[in-house]
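S.K.: sequence-free structure coming up:
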């Protein structure tokens, strides 16, 4: 009997914000055509959100002539939680659909952590839409170390141990230098056990990271790509970023001395790398 593939789980409608390019920042178009802002589609990390990962980057992109489409995954931001496991193909397709629905037909994908796998898969499935990739603190598939962290996160979430979950995220997310430099008030904020702080979809997003494997997609990526490695990363070792850069044809590679969350530890340096790449590649 022929086996019919199971349909991917249906995702809830994504909550998406669209930030237009600031007036006067869009380059002039050829005679007879209207100027069009370059499109950006954002893909955030697991247990994160658009606000948590990209709040400071979005206005910087809009100020440099970009229209930014920013969807939250199921269970993050205002997007309802999924009623089952997340699927990488379905999530990539859903993000692309949000951009198209916003009138942004082509775009550069900026992905962080889990968002790098979402971005690569979107580029593989929708090559006619994707003009470029920026991949920070990313991976093609998790290694043993990452899986141990992810299993710990899932166990703590399942037990409702939000004290332990905050501690685990602090240890895996921040570099030792950044964590040890926190003042008492900052440390208390990072370790806040309020169960309302982690996104409702944290477990499903974390479980998806354990399942991703985009190794077969990398060689087929043909768009300009910047890979940014976080060299002090305690969660996703920088060797994962080096693997992405080595296996995506023509990819550019940069390093930033932070833990897993450069938007927290060194936001200006991180933004500078992204904006420089976009400007140089006219993306």
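M.R.: Perfect, I can see it now. Computed from a predicted model, the values in this text were never measured in an experiment.
S.K.: contacts, neighbours, all on C-alpha from now
M.R.: Noted.
S.K.: which residues in the stretch 51-200 of the chain form strands?
M.R.: In the stretch 51-200 of the chain, the segments counted as strands under DSSP state E, counting those that start in this stretch are 66-71, 107-112, 130-136.
S.K.: now these in JSON lines, with mean pLDDT and mean neighbour count?
M.R.: Shown next, in JSON lines, are the strands of the stretch 51-200 of the chain (pLDDT from 0 to 100; neighbours: other C-alpha atoms under 10 Å):
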{"stretch": "strand 66-71", "mean pLDDT": "98", "mean neighbour count": "27"}
{"stretch": "strand 107-112", "mean pLDDT": "98", "mean neighbour count": "26"}
{"stretch": "strand 130-136", "mean pLDDT": "98", "mean neighbour count": "26"}
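S.K.: quick check: which of those strands is nearest to residue 147?
M.R.: For these, proximity to residue 147 was assessed by C-alpha to C-alpha; strand 107-112 is nearest, at 17.6 Å.
S.K.: which elements pack onto the closest one?
M.R.: strand 38-43, helix 114-125, strand 130-136 (3 or more C-alpha pairs under 8 Å, 6 or more residues apart in numbering; DSSP states H and E).
S.K.: could you check the angle that strand makes with strand 66-71?
M.R.: Calculated by axes from the mean of the first three to the mean of the last three C-alpha atoms, to 10 degrees, strand 107-112 forms an angle of 50 degrees with strand 66-71.
S.K.: what strands flank strand 107-112, and is each parallel or antiparallel?
M.R.: Strand 107-112 sits in its sheet next to strand 38-43 (parallel), strand 130-136 (parallel), going by DSSP bridges.
S.K.: residue 166 contacts residue 188, correct?
M.R.: No - using C-alpha atoms under 8 Å, residue 166 is not in contact with residue 188, being 10.2 Å away.
S.K.: hang on, the earlier thing: how about TSV for the strands paired with strand 107-112, with distance to residue 155 added?
M.R.: Output for the strands paired with strand 107-112, formatted as TSV (distance: least, C-alpha to C-alpha, whole Å):
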stretch	distance to residue 155
strand 38-43	25
strand 130-136	26
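S.K.: ok, the closest residue to residue 163 other than its chain neighbours - how many residues close by?
M.R.: For residue 163, ignoring the flanking residues on the chain, the nearest one in space by C-alpha to C-alpha, 6 or more residues apart in numbering is residue 193 at 4.7 Å. Using other C-alpha atoms under 10 Å, residue 193 is surrounded by 17 other residues.
S.K.: I figured residue 193 hits residue 162, correct?
M.R.: Yes - look at residue 193 against residue 162 with C-alpha under 8 Å: they come within range, at 4.9 Å.
S.K.: quick one on the thing from earlier: mind putting the helices and strands packed on strand 107-112 in CSV, distance to residue 62 included?
M.R.: Converted to CSV, these look like this (distance: least, C-alpha to C-alpha, whole Å):
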stretch, distance to residue 62
strand 38-43, 9
helix 114-125, 20
strand 130-136, 16
